[in-house]
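Engineer: Next comes the sequence, and after it the predicted model I'd like to discuss.
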Amino acid sequence: MSAATSENLDLLRSELLAWYRSAARDLPWRRTRDPYAIWISEVLLQQTQVVTGTAYYLRFLEAFPTVQDLAAAPQQAVLKAWEGCGYYARARNLHRAAQEVVVRGMPTTYEGWLALPGVGPYTAAAVASIAFAEPRAVVDGNVRRVLGRLHAELQPSSAWLQARADALLERAAPGDWNQAVMELGATVCTPKKPACTACPLRAHCAAYASGMPERYPAPKARAAVKHIRAVALLIGDAQRLYLERRPENSLLGGLLGLPLEAVGEDEAPEAALGRLEARLKARRLERLGEVRHVFTHRRLDLEVWRAEADLPLTVLEAVPVARVDAKAVALLRAQPGLF
DNA sequence: AACGCGGGGTT
DNA sequence: AACCCAGCGTT
């Protein structure tokens, strides 16, 4: 009954592939063989669910149909196309990588892809297998769950996972195989209430045999969400605002956004507000309100003030703006009698 | 090895 | 509110 017995491997592979070929969702990146398009899809889907990533994929490819288009675009335009999708370092790395590809040519191997910025083991294996039929096993969150359950492993290490994935890989059809395992994890072998009765692998699955498939693998421990406070100044109006580039290695680093000042532990917001005014030579007008925004790893309570200062304004529509900034700007539009 | 990173979906 | 999502780069 275990997937570890080698006599079952051929059967397991053919059963999963047959299931995939009949049950696979019709996703846009499965309708192309263009390595560029497949690469874009894989980067977009890093820590982003398929349903969300699909819209961005179509929008991004429309804006930048070829790697030459992407390489030639200003970084600002690339970030604009990425707006709202999060993890903006992905967009910056993608842009840099496109410029490398235009100079040196598109990689055709796992090692070649791995050398590009923003391409790690997962993405390199995905592109190499799907676009170039190289036998490389992917390991992502879906694969982790499927393999963890197949072997009833509570805490699969990344080395263990890669070894199991390598051993299972259908080398004759690596692209379909990799997608098949992920598809199973996304649609059948789900985190909660897995649809084991619909699973082509249940006869091989140790977690299913245990009667409690949901227990495998155990949830990863997560860091507690930190609560932080900051003040922001809105200088300008809802169309044109003063924005500054946040330092790299900070929250929303490298992105244009409202000028912010962190409120220290045991500090009054007033103190941070004073620092912000001094730095920008700005004068506060009125307090517009407070915005609460939850990131993955922290919760930001942002006190928003309208202010005046002699600073260059940016047309908001032309630049990418993170959600938390958009929320703050929305306070302007909600303010009665201002405009 | 652990942490930081954004937003959104599901339960 | 907890947990997860077609991870990667930095430290």
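Structural biologist: Here it is on my side, so go on. Numbering: from 1, shown residues only, chains lettered A, B, ... in the order given.

Engineer: and the gap between A:W29 and DNA strand C?
Structural biologist: 7 Å (Cβ to the nearest atom of the strand, to the nearest Å). For every residue, glycine as well, the C-beta is placed using N, CA and C.

Engineer: What number of residues are in the vicinity of that residue?
Structural biologist: Counted with other Cβ atoms under 10 Å, the burial measure for A:W29 works out to 22 neighbours.

Engineer: so it makes contact with A:V43?
Structural biologist: No: taking Cβ atoms under 8 Å as the definition, A:W29 is not a contact partner of A:V43, at 11.1 Å.

Engineer: can you list the residues of the stretch 101-250 of chain A near DNA strand B?
Structural biologist: Taking Cβ under 7 Å from any atom of the strand, the part of the stretch 101-250 of chain A that reaches DNA strand B is made up of A:S158, A:T190, A:K192, A:K193, A:A223, A:S250.

Engineer: how about TSV for these, with secondary structure and pLDDT added?
Structural biologist: Below are those laid out as TSV (DSSP: H, G, I helix; E, B strand; the rest coil; pLDDT from 0 to 100):
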residue	secondary structure	pLDDT
A:S158	helix	88
A:T190	coil	92
A:K192	coil	89
A:K193	coil	90
A:A223	coil	71
A:S250	coil	69
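
Engineer: Are any of those residues buried, and if so which?
Structural biologist: Buried members of those, scored by 16 or more other Cβ atoms under 10 Å: none.

Engineer: quick check, nearest of those to A:E290?
Structural biologist: Using Cβ to Cβ, A:S250 comes nearest to A:E290 of those, at 21.0 Å.

Engineer: Low-confidence ranges, the stretch 101-250 of chain A, go.
Structural biologist: For the stretch 101-250 of chain A, the stretches flagged by pLDDT under 70 are A:248-250.

Engineer: rerun at 80
Structural biologist: Within the stretch 101-250 of chain A, the segments meeting pLDDT under 80 span A:220-227, A:247-250.

Engineer: the helices in it, which residues?
Structural biologist: All helices of the stretch 101-250 of chain A, identified by DSSP state H, counting those that start in this stretch, fall at A:110-114, A:121-132, A:141-150, A:158-168, A:174-187, A:206-210.

Engineer: Can I get these in JSON lines including distance to DNA strand C?
Structural biologist: Output for the helices of the stretch 101-250 of chain A, formatted as JSON lines (distance: least, Cβ to the nearest atom of the strand, whole Å):
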{"stretch": "helix A:110-114", "distance to DNA strand C": "8"}
{"stretch": "helix A:121-132", "distance to DNA strand C": "3"}
{"stretch": "helix A:141-150", "distance to DNA strand C": "3"}
{"stretch": "helix A:158-168", "distance to DNA strand C": "10"}
{"stretch": "helix A:174-187", "distance to DNA strand C": "3"}
{"stretch": "helix A:206-210", "distance to DNA strand C": "14"}
